[in-house]
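> the sequence and its predicted three-dimensional model are supplied below.
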Amino acid sequence: MSDTDMNSGGEDSQKLERMVDSKIRHSLETHKNDMLKEIGSLFEKISENTNNSQLSKISNIIACDIPKFKRKSNEEQYKHNVKVNMKLNEAEQLVSTDPVQCKAKIVEGVDLKISMESKLAEAGINNQGNLAEHMATYILHSRADNTVKKYNGYFKLFRAFCESKSLSARPANYMTVALFLTSLLDENKSNSVVSSSVYAIKWMHSIHDLPDPTDNSVVRNLLEASKRLRSKPVVKKDIVDSNMLKSLCALFENNMTLVNLRDLSMILICYAGFLRFNELSSLCCNDVIFNENHIVIKIRVSKTDIYRKGNEVLIAKGDTIACPYKMLQKYMSKADLTVESEKYLFRPLLKTRGKYSLVKVNKQLSYTRAKECIVAKLRLVAPGLKLGTHSLRASGASAAVNFGKVSERCIKRHGRWKSDQAKDGYVQDSLEERLFISKHLGL
């Protein structure tokens, strides 16, 4: 065979190899794309048939890469902590949609059920009918739902810190807590974060009937240090006066649409009744009673009424265009609301064919939307002021105090304040009141 024939044969074999490689690569690429499409469609099906809680559980399981430990006990503790975090994450997703189920998840997450089972066993009592679980759930109800959620979140941070240092989070040593607070201060965390962490650790040990690691001079001094080093001055919102509110109502006198009536009613009731936003948003139609010369508003949910005894706010009928009594009557009439209805008084609005109507679903107006509506209206008559929902509560209280003829006791009762200190934090003295002292010094 000649050299030319040998070279020709070698070239043919190389071409054949290249063709085979190209076919294999093309086949693999096609197969890979088909696999990716199948995986994508599979995840779409999972998304359609799986709720958020289940998806969270799946992602947690997939993402859980268990590290290697020298001791078997450490590996078991790590697995337990992962399971606890999954329960707490499920609770956070349920807190707004299903508070009862949320409580159950938190009970599992903080191991409170296990603690109660252990306590019952120590006392020689049988755990019949899920007694430990019921007991754990009731213990969590010793604090408000939002407080439990807050403390639970901060304790999760503490537990993560302890895991990174191979320290016990529950029960915790006071020096472990001190080390955690020191790390927060080193990270320039605010006093709110530091103090909330301390109270969360204290609460967690309390519900498990464990010694309080925060009841120690080292921890207390670190907490005081955070107040001195990390506290920020409170920037309070500006206040409005009755003349501004009269001008605001005059602007809409010939344009009393449902949205304007709702927003003006919220503004005037908050101003005259010193209402907090949660008190306003929780009002139902049957919480309002119209009398001949005043209205009675029943406050079912209040920040200071932790035992739900209830309260009443009386607002007098006025003679001006900014009368809360008349404005609320107009709003309820326009919205076809009756005082017998159990639906929320202030709900979101729906605009169809140029007309506003309340949504059919019995849904509270959100804080964000209410703040947008209230502040937008107030800025029409007070464009240069820093305003918020609390501006109206502070404005009404300041007007009553500066009027001078209302007793401190009545003002405190009307605003549902527990102490004079809390009330005084809302009151802004008028210029005349502040100058009164120096004017009478005889200088």
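Now that the structure is in, tell me what you want to look at.

> now do the strands in the stretch 201-350 of the chain.
288-290, 294-299, 311-316, 349-352 (DSSP state E, counting those that start in this stretch).

> partners of the second one in the sheet?
Paired neighbours of strand 294-299 in the sheet (DSSP bridges): strand 288-290 (antiparallel), strand 311-316 (antiparallel).

> among those strands, which comes closest to Leu264?
The closest of the strands paired with strand 294-299 to Leu264 is strand 311-316. By CB to CB, the value is 14.3 Å. Heads up, the C-betas are built off the backbone N, CA and C, glycines and all.

> how much space separates Ala370 from Ala250?
Taking CB to CB, to the nearest Å as the measure, Ala370 falls 23 Å from Ala250.

> quick one, which of those two is more surrounded?
Per other CB atoms under 10 Å, whichever of Ala370 and Ala250 has more neighbours is Ala370, with 21 against 13.

> just the element for that one, please.
In this structure, Ala370 sits in helix 367-378 according to DSSP states H and E.

> what residues of that helix count as buried?
Neighbour-count burial for helix 367-378, counted by 16 or more other CB atoms under 10 Å, picks out 370, 373-375, 377-378.

> going along the chain, name the helices of the stretch 151-300 of the chain.
In the stretch 151-300 of the chain, the segments counted as helices under DSSP state H, counting those that start in this stretch are 174-186, 191-207, 217-230, 242-251, 258-273, 277-281.

> quick one on the thing from earlier: any chance of the strands paired with strand 294-299 in TSV, plus mean pLDDT?
Rendered in TSV, the data for these read as follows (pLDDT from 0 to 100):
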stretch	mean pLDDT
strand 288-290	94
strand 311-316	90
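
> settle this for me: Asn293 is touching Gly318, isn't it.
No - at 10.0 Å, Asn293 does not count as touching Gly318 under the criterion of CB atoms under 8 Å.

> so which of these two has more stuff around it?
Just comparing Asn293 and Gly318: by other CB under 10 Å the higher neighbour count belongs to Gly318, 16 against 7.

> check the more buried one and give its pLDDT.
Confidence at Gly318, expressed as pLDDT, is 91.

> before we move on, what about Asn52?
For Asn52, the model assigns a pLDDT of 48.

> with Glu76 instead?
In this prediction, Glu76 has a pLDDT value of 61.

> nearest residue to the middle of this structure?
Here the mean C-alpha position of the chain is nearest to the C-alpha of Asn146 (CA atoms, centre = their mean), at a distance of 6.6 Å.

> gap between it and Met175?
Asn146 sits 31 Å away from Met175, taking CB to CB as the criterion.

> okay, now Arg143: neighbour count?
Each residue near Arg143 was counted by other CB under 10 Å, and the total is 15.

> how does this protein divide into domains?
Here the chain is described, according to automatic domain parsing, as comprising the domains 57-62+71-230, 242-434.

> so which of those domains is nearest Lys236?
With CB to CB as the criterion, Lys236 lies closest to domain 242-434 of the domains of the chain, at 7.2 Å.

> how long is that closest one end to end?
20 Å (CA to CA, to the nearest Å).

> next one: stretch 197-216
Between the opening and closing residues of stretch 197-216 lies a distance of 15 Å (CA to CA).
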